[in-house]
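In: Starting from these lines, generate the structure:
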Amino acid sequence: MDQLQRIQSKIYEIRGQRVMLDRDLAEMYGVETRTLNQAVKRNIERFPEDFMFQLTKEECLRSQIVILNAEQGKHLKYMPYAFSEMGVAMLSSVLRSSTAIQVNINIMRAFVAVRQLIANPPTDKSSLLQREVKELKEYIEEMFADQNDINEDTRTQLELINRTLAELQVQKKLSSTPRRPIGFIRPEEND
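Out: A predicted model of the protein is given here:
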């Protein structure tokens, strides 16, 4: 993984493209920059502008990455070439050594990892915690709302039960008092 990170650190964004510079690629392939560029020039039809382009002096000096320091830039004879992901893939057909093949595989993996990182940026822990707290708060509020609904229903049912019990008590009182017999004869009262 250390090699993958080293390769990722050499992927730059220039002209809105993620690219690698010829000197970095030559170093990884174990050849001189001049040798790499000669192999590319011998097969230039394989490298259209979206695969490879040469940087301008201004891009080298004011780039977000310091490609050259001011002293090197003043005396540099050739500006570096930048290879896009497709250009790096095409280099594997130009440079045919086993080292070039292995390096190319690792470079392709690095480009894929960078692309995935851009597509799915890692979330920081505080935003993750904020989202979890928000979800928990919504869940608790929903539970309280359900509880209130249950409480309201329960209160209504308890009120009905209390009314029914009160009516039953009144009926029981009425049924427990002796009834007067029907007819003309009254029971004798003991005085």
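
In: If you average pLDDT per helix and strand, which one of the protein comes out bottom?
Out: Each helix and strand of the chain was given a mean pLDDT (mean pLDDT, DSSP states H and E); the minimum falls on helix 70-75 at a mean of 50.

In: Moving C-terminal from that helix, which element do we reach first?
Out: strand 81-84 (DSSP states H and E).

In: what sits up against that next one?
Out: 12, 14-15, 17-22, 25, 37, 40, 47, 50-55, 91 (Cβ atoms under 8 Å, 6 or more residues apart in numbering). No exception for glycine: its C-beta is placed from N, CA and C like everyone else's.

In: where does the chain have low pLDDT?
Out: 1, 62-76, 121-123, 149, 177, 179, 181, 186-191 (pLDDT under 70).

In: Tell me where it has helices.
Out: 2-8, 22-29, 33-42, 57-62, 70-75, 85-94, 98-119, 125-176 (DSSP state H).

In: Can you tell me the closest non-neighbouring residue to Ile7?
Out: Ala110 (3.9 Å; Cβ to Cβ, 6 or more residues apart in numbering).

In: quick one: contacts for that neighbour?
Out: Contact analysis of Ala110 by Cβ under 8 Å, 6+ apart lists 4, 7-8, 11.

In: Got a PyMOL select line for the buried ones in these?
Out: What follows is the PyMOL syntax selecting those of those that are buried according to 16 or more other Cβ atoms under 10 Å:
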select buried, resi 7+11
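
In: Filter the contacts of strand 81-84 down to just the ones in strands.
Out: Among those, the members falling in strands (DSSP state E) are 12, 14, 17-21, 52-54.

In: what's the residue closest to the geometric middle of this structure?
Out: Asn120 (4.5 Å; Cα atoms, centre = their mean).

In: In contact with it, which residues are there?
Out: Going by Cβ under 8 Å, 6+ apart, the list of residues near Asn120 is empty.
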